[in-house]
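[1] sequence and predicted structure are below.
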Amino acid sequence: MKYGKTMMALAIGMSLILGGCGKMNISDNNTETESKTPNNKEESNVRLENYVRVQDYTGEGYKLENGEKTDKIAKTHRKEIDQAVKDFFLKNYKTKVIVHNAVGNVDGATVFVESVGEPHFHAYAIIPIDTKNKKIMSENVWSQEGQIEDAIATGIYAMIFDEEFKKLDQYVGSFVKEHPVVGRRIEAVNNTDTGGFSTPYYYTTSKGELCDFLFDKYMENPKRSNEEWKTLFDKKSLDPKDQIITIEFFMAEKDTEPDPAVLNQLVADIEKGDGIPPGAYSVLLNDNTLDKTTGINSKDSTLERAYPNFIIKK
């Protein structure tokens, strides 16, 4: 569920009453070197107070709207929350998970998890809290429709194209060594990310028939191996627009604006890259910071090649 920087904020703001989702936010910036000036300087300055260096951010300070009261209750009842969410994933999705973080929202807590083993993915669930009686409603755990299904599908996609994702990992790793950029810390990924198959340098989403097919087959048999998934899946029928892969970097140095030359090089490399996973690619380049309360960088200075101008790899 992510097309780019913009689809991130949309989902985060939306279900994290509803919790808040992962990273979906359609951008209206159609060129990789364009940036925009904030319309309201005062509002921008208030927002900037929350920004910290990406190298320092582990997820501490992440918060959801009107979640102060429930956050305190969630911290007190963390063991109960962890067990309820683990049971929810095992019962409804046949999947064991690790619980990394629980953050209060207006009516409960949003709980960030990572799957155990393969398919590997990050997701979230929401557990209601009775604030009057300070009670965790363990039997009513839920999640936004389609969010976990998407996350599972991305993990399976990574199993099917495991060699291609290894090449992508090698590429982004070498890009970081050769350019003044960094990714997020793995702690930040674990504590704030709901974006399916994710790494410090990129995140993915499956949609449409691809997502439906992979999830349905997973529920039939969640223990398939990589080779079994490769045999089951018809790669020729894949529409690459159904698999979105967003690469996101941050400038390595403090007080450094995103460099158009770096983004243009990244775009060129992805466009000609052989052997990387098929899909619709977006690329984002931020300055050195992100908002500690949301876990993302939503500054207008961010450079991107994103929706609707995906880089399509078949």
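    Yes, it's here.
[2] contacts and neighbour counts: CA atoms only from here.
    OK.
[3] residue 260 touches residue 303, doesn't it?
    Yes - assessed by CA atoms under 8 Å, residue 260 is found in contact with residue 303 at 7.2 Å.
[4] show me where the chain has its strands.
    Taking DSSP state E to define them, one finds strands in the chain at 51-53, 97-104, 108-115, 122-130, 135-136, 181-182, 202-206, 243-251, 279-286, 289-291, 303-305, 311-313.
[5] how about those strands in JSON lines, adding distance to residue 171, mean pLDDT and mean neighbour count?
    Converted to JSON lines, these look like this (distance: least, CA to CA, whole Å; pLDDT from 0 to 100; neighbours: other CA atoms under 10 Å):
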{"stretch": "strand 51-53", "distance to residue 171": "24", "mean pLDDT": "97", "mean neighbour count": "19"}
{"stretch": "strand 97-104", "distance to residue 171": "28", "mean pLDDT": "98", "mean neighbour count": "23"}
{"stretch": "strand 108-115", "distance to residue 171": "24", "mean pLDDT": "98", "mean neighbour count": "27"}
{"stretch": "strand 122-130", "distance to residue 171": "22", "mean pLDDT": "98", "mean neighbour count": "26"}
{"stretch": "strand 135-136", "distance to residue 171": "45", "mean pLDDT": "96", "mean neighbour count": "19"}
{"stretch": "strand 181-182", "distance to residue 171": "13", "mean pLDDT": "98", "mean neighbour count": "22"}
{"stretch": "strand 202-206", "distance to residue 171": "12", "mean pLDDT": "97", "mean neighbour count": "27"}
{"stretch": "strand 243-251", "distance to residue 171": "11", "mean pLDDT": "98", "mean neighbour count": "26"}
{"stretch": "strand 279-286", "distance to residue 171": "14", "mean pLDDT": "98", "mean neighbour count": "26"}
{"stretch": "strand 289-291", "distance to residue 171": "23", "mean pLDDT": "96", "mean neighbour count": "25"}
{"stretch": "strand 303-305", "distance to residue 171": "18", "mean pLDDT": "97", "mean neighbour count": "28"}
{"stretch": "strand 311-313", "distance to residue 171": "15", "mean pLDDT": "95", "mean neighbour count": "20"}
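[6] can you redo those as TSV with distance to residue 90?
    Output for the strands of the chain, formatted as TSV (distance: least, CA to CA, whole Å):
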stretch	distance to residue 90
strand 51-53	36
strand 97-104	8
strand 108-115	10
strand 122-130	12
strand 135-136	19
strand 181-182	35
strand 202-206	22
strand 243-251	26
strand 279-286	30
strand 289-291	33
strand 303-305	38
strand 311-313	35
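[7] what about this structure, any weak spots by pLDDT?
    For the chain, the stretches flagged by pLDDT under 70 are 1-46.
[8] so which residues of it form helices?
    Under the criterion DSSP state H, helices of the chain are mapped to 5-15, 41-48, 68-76, 78-93, 147-160, 162-178, 186-192, 208-220, 226-232, 260-272.
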